[in-house]
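Engineer: Sharing a sequence plus its predicted fold:
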Amino acid sequence: MSFEALDQGLVVAAHGRHVVVETPEGERVLCHPRGKKSELVVGDHVRWLPAGDEGVIEHLEPRRNLLFRQDEWRTKSFAANLDGVLMLVAGEPMFSESQLTRALIAAAQAGIPCWIGLNKTDLPAAADARSRLAPYRRMGVEVVELALKADPEAARATLAPRLAGRTTLVLGPSGMGKSTLINLLVPQAAAQVGEISKALKAGRHTTTTTSWYWLDEARSGALIDSPGFQEFGLRQILPTELATLMPDFAAALGDCRFHNCSHRHEPGCGVRAAIERGEISPSRQRIYEELFAELSTTRW
């Protein structure tokens with residue numbers, strides 16, 4: 001049997017080796033991959049066969065993209081086939097610029113547009129957060145300001161046109177307001193979570209690794225919510241590739257005396273000249289140095 005003859009499906013949740021597949025008609029079915037190892041992630045398009053009231057995944061369709069992070073020991077995939085990544089940050093608690101940069105670099109390497117949502121702009125720490133984001137605005141990253149709890153209608157008006165008709169992954173550490181954003185934008189978010197728990201035959205409070213939410217009844221736009229993270233490894237990236245994935249550094253490439261310049265200590269470095277001219281901020285230079293050192297250490 002050819003794969004084209006099999007049922008089509010979209011992976012809308014993953015929990016251990018189980019995945020929930022949504023059919024084109026909107027039915028959700030618990031499916032299991034063939035073999036012992038599952039590489040499936042939310043956003044994958046698959047072909048599957050019914051097996052009783054469940055299903056078996058027979059084929060994974062080619063992905064347009066895949067966002068993942070990788071440390072020395074394992075690779076953690078977020079989602080596939082994305083139109084964009086929304087990195088949600090805030091001033092209370094103050095976001096980590098290192099985590100933000102890592103997410104932007106991973107998205108850039110995967111070829112996925114990434115933009116920043118600065119939440120809690122009604123709180124005093126917003127001014128400090130805004131100034132920390134100034135280098136990102138200058139390098140062309142879109143920064144959208146939000147007060148999801150204090151002014152939900154304005155936040156909805158700001159976000160809705162940017163999310164309509166697109167599949168967007170919402171990233172960010174705990175405390176930045178992701179659940180508030182989901183509940184504001186997704187009709188019956190709790191019901192969608194309940195459907196997934198039911199399909200997984202799990203309790204109400206089962207947290208799937210990542211969850212897919214439709215934004216509209218026509219199922220044309222979707223948000224993918226991922227668990228908060230503390231670490232964001234970039235072991236998939238070579239240290240020599242790093243500067244090309246940081247727009248402020250990339251703008252200064254090509255002016256270095258040495259073709260294999262690390263942009264840290266060599267004479268005649270165009271990037272260091274840009275730093276001295278104030279075109280690259282001290283915080284970005286510090287993060288680059290940290291990442292270059294991390295990616296240059298021996299891999300086990």
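Structural biologist: Yes, it's here.

Engineer: For residue 74, give its distance to residue 86.
Structural biologist: 25 Å (C-beta to C-beta, to the nearest Å). In short, each C-beta sits where N, CA and C put it, glycine included.

Engineer: When these two are compared, which one has more neighbours?
Structural biologist: residue 86 (23 against 9; other C-beta atoms under 10 Å).

Engineer: quick one, helices of this protein?
Structural biologist: Along the chain, counting by DSSP state H, helices occupy 97-110, 126-132, 134-138, 152-163, 178-185, 189-199, 247-250, 270-276, 282-296.

Engineer: okay if I get the ones you listed as CSV plus mean pLDDT and distance to residue 231?
Structural biologist: Shown next, in CSV, are those (pLDDT from 0 to 100; distance: least, C-beta to C-beta, whole Å):
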stretch, mean pLDDT, distance to residue 231
helix 97-110, 97, 8
helix 126-132, 98, 20
helix 134-138, 97, 21
helix 152-163, 97, 27
helix 178-185, 93, 17
helix 189-199, 74, 26
helix 247-250, 96, 23
helix 270-276, 95, 27
helix 282-296, 96, 11
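
Engineer: Give me whichever of those is most buried.
Structural biologist: helix 97-110 (a mean of 20; mean count of other C-beta atoms under 10 Å).

Engineer: Let me know which of the helices of the chain is the nearest to residue 9.
Structural biologist: Across the helices of the chain, residue 9 has its closest neighbour in helix 189-199 (11.9 Å, C-beta to C-beta).

Engineer: I'd like to know which elements that closest one is packed against.
Structural biologist: Contacts defined by 3 or more C-beta pairs under 8 Å, 6 or more residues apart in numbering; DSSP states H and E place helix 189-199 against strand 7-15, strand 28-33, strand 210-214.

Engineer: Could you say which one of those comes nearest to residue 112?
Structural biologist: It is, among those and with distance given as C-beta to C-beta, strand 210-214, at 15.2 Å.

Engineer: Can you give the strand pairings for that closest one, parallel or anti for each?
Structural biologist: strand 7-15 (antiparallel), strand 222-225 (antiparallel) (DSSP bridges).

Engineer: The ones you listed: which one's closest to residue 146?
Structural biologist: The stretch from the strands paired with strand 210-214 with the least distance to residue 146 (C-beta to C-beta) is strand 222-225; that distance is 14.3 Å.
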